[in-house]
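Colleague: sequence first, then the predicted structure, then my questions.
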Amino acid sequence: MTEHSSGDAVLGPNRYGKAETRVVHIDRRADGDVLTDLNVSIALSGDLTDSHLKGDNAHVLPTDTQKNTVYAFARDGVGAPETFAMRLARHFVATQAPITAAVVDVKGFGWERLAAHSFRRAGTEVRTARVEHDARGTLVVSGLRDLVVLNTTDSEFAGFATDRYTTLAPTADRVLATAIDARWRCAAEAEADADADGWDGRYVRVRDCLLAAFTGTYSWALQQTLFAMGARVIAEVPEVVEVRLALPNRHHVLVDLTPFGLDNPNAVYSAPDRPYGLIEAAVLRAGTVADPRPW
């Protein structure tokens with residue numbers, strides 16, 4: 001992006017948009033309603049220099065208009081989060097000449113059907129989709145976050161580096177818990193071919209792989225478990241070429257009950273929520289180059 005200045009101050013990269021527009025769509029069907037619950041954030045960039053340097057808003061599409069566009073587009077149905085995000089991103093770039101790039105982030109909240117017209121929120125898990133659209137094309141990143149999982153055993157942590165500040169003792173049996181934050185991208189041809197059912201089906205397959213690898217891996221380190229989870233997705237979902245995982249280590253600390261004259265046979269733990277270890281890595285299909293953009 002070209003830099004523009006006023007005196008000693010220089011305008012660098014910039015964007016603006018409407019954050020966290022909550023939209024709920026109900027597809028009313030005779031055999032039972034379908035509920036879609038999304039949180040949509042939009043960021044637009046392009047020729048916006050005069051807005052920053054002169055207060056000239058000729059190239060600024062109001063964020064209120066962006067919000068209204070979300071609602072208007074939802075009128076005819078939402079579909080998969082990826083599909084909805086692509087519709088929005090391409091619309092803003094195509095209809096606003098000064099806007100050259102759009103990023104749309106969508107969070108989807110799951111609901112469990114109780115009856116034909118009744119639902120309840122399904123846990124804490126959030127489905128995510130991120131679409132970046134500009135002259136280079138369209139990048140689609142699917143994902144999930146806050147999928148909380150725990151293994152009560154089959155996890156160790158030993159043989160680690162130590163220094164004068166190390167107090168952690170090695171353990172041959174620990175509770176391993178995390179809240180999975182996973183994002184993945186597919187080969188371009190897979191993105192082009194995916195309809196709403198394709199995105200939804202792939203989401204389920206990736207989620208199942210992550211859970212299967214977490215439960216089925218004897219863990220010597222959370223790093224090892226992370227790689228096993230990403231590798232399982234690469235092995236079983238051929239469209240996916242890159243998986244990025246962030247796994248916070250939700251520590252469970254065995255409580256010392258000896259002051260009360262009691263033993264603790266690996267039964268009672270405290271679960272402090274912070275500080276926590278955070279393990280992050282990308283797992284790629286062999287021959288794939290990691291996408292350089294942050295997502």
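Modeller: Structure's in. What do you need? Residues are numbered from 1 along each chain as shown.
Colleague: CA atoms for contacts and neighbours, from now on please.
Modeller: Fine.
Colleague: so how far is residue 110 from residue 212?
Modeller: Between residue 212 and residue 110 the distance is 20 Å, computed by C-alpha to C-alpha, to the nearest Å.
Colleague: which one's more surrounded, those two?
Modeller: residue 110 (19 against 15; other C-alpha atoms under 10 Å).
Colleague: hang on, that one packs against residue 119?
Modeller: No - assessed by C-alpha atoms under 8 Å, residue 110 is found out of contact with residue 119, at 9.8 Å.
Colleague: just the C-alphas of stretch 99-107, formatted as CSV.
Modeller: The C-alpha atoms that make up stretch 99-107 are tabulated as CSV, following Å, rounded to 0.1, in the frame of the first residue of the first chain:
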residue,chain,number,x,y,z
ILE,A,99,-12.5,-0.6,-2.1
THR,A,100,-9.9,-3.1,-3.4
ALA,A,101,-9.9,-5.6,-0.6
ALA,A,102,-12.4,-7.0,1.9
VAL,A,103,-12.0,-9.4,4.8
VAL,A,104,-15.1,-11.0,6.3
ASP,A,105,-14.9,-13.0,9.5
VAL,A,106,-17.8,-15.1,10.6
LYS,A,107,-18.5,-16.9,13.8
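Colleague: any weak-confidence spans in the stretch 101-250 of the chain?
Modeller: Across the stretch 101-250 of the chain, residues meeting the criterion (pLDDT under 70) sit at 192-194, 196.
Colleague: how about the helices in it?
Modeller: 188-193, 196-216, 222-236 (DSSP state H, counting those that start in this stretch).
Colleague: tell me, how many residues neighbour residue 134?
Modeller: Other residues near residue 134 number 18, with proximity taken as other C-alpha under 10 Å.
Colleague: how close does residue 103 get to residue 77?
Modeller: For residue 103, the distance to residue 77 (C-alpha to C-alpha) stands at 21 Å.
Colleague: those two: which is more packed in?
Modeller: For residue 103 versus residue 77, the count of surrounding residues by other C-alpha under 10 Å is larger for residue 103: 24 against 13.
Colleague: beta partners of the more buried one?
Modeller: Using DSSP bridges, the beta-bridge partners of residue 103 come out as residue 43, residue 132.
Colleague: how much space between it and residue 222?
Modeller: Separation of residue 103 from residue 222 (C-alpha to C-alpha): 32 Å.
Colleague: what of residue 275?
Modeller: Between residue 275 and residue 222 the computed distance is 16 Å (C-alpha to C-alpha).
Colleague: neighbour count: those two, which is higher?
Modeller: In terms of neighbours (other C-alpha under 10 Å), residue 222 is the more surrounded of residue 275 and residue 222; the figures are 23 against 10.
Colleague: report the contact partners of that one.
Modeller: Under the criterion of C-alpha atoms under 8 Å, 6 or more residues apart in numbering, the neighbours of residue 222 are 176, 247, 249, 279.
Colleague: picking that back up, pick the most buried one from the helices of the stretch 101-250 of the chain.
Modeller: Each of the helices of the stretch 101-250 of the chain was scored by mean neighbour count; the highest is helix 222-236, a mean of 20, by mean count of other C-alpha atoms under 10 Å.
Colleague: by how many degrees do it and helix 196-216 diverge?
Modeller: Between the axis of helix 222-236 and that of helix 196-216 there is an angle of 140 degrees, by axes from the mean of the first three to the mean of the last three C-alpha atoms, to 10 degrees.
Colleague: could you tell me how far helix 222-236 lies from the centre of the chain?
Modeller: Going by C-alpha atoms, centre = their mean, to the nearest Å, the spacing between the C-alpha centre of helix 222-236 and its chain's C-alpha centre is 17 Å.
Colleague: one more: stretch 158-172?
Modeller: Remark: stretch 158-172 is offset 32 Å from the chain centroid, using C-alpha atoms, centre = their mean.
Colleague: what's the span of that stretch from first residue to last?
Modeller: Using C-alpha to C-alpha, the distance between the terminal residues of stretch 158-172 is 7 Å.
Colleague: what lies in contact with stretch 233-244?
Modeller: In this structure, residues lying in contact with stretch 233-244 by C-alpha under 8 Å, 6+ apart are 182-187, 190, 202, 205-206, 209-210, 230, 280-285, 288, 290.
Colleague: wait, is residue 55 part of a helix?
Modeller: No - using DSSP: H, G, I helix; E, B strand; the rest coil, the secondary structure at residue 55 is coil, not a helix.
Colleague: now do it against residue 62, distance only.
Modeller: If you go by C-alpha to C-alpha, the gap between residue 55 and residue 62 works out to 14 Å.
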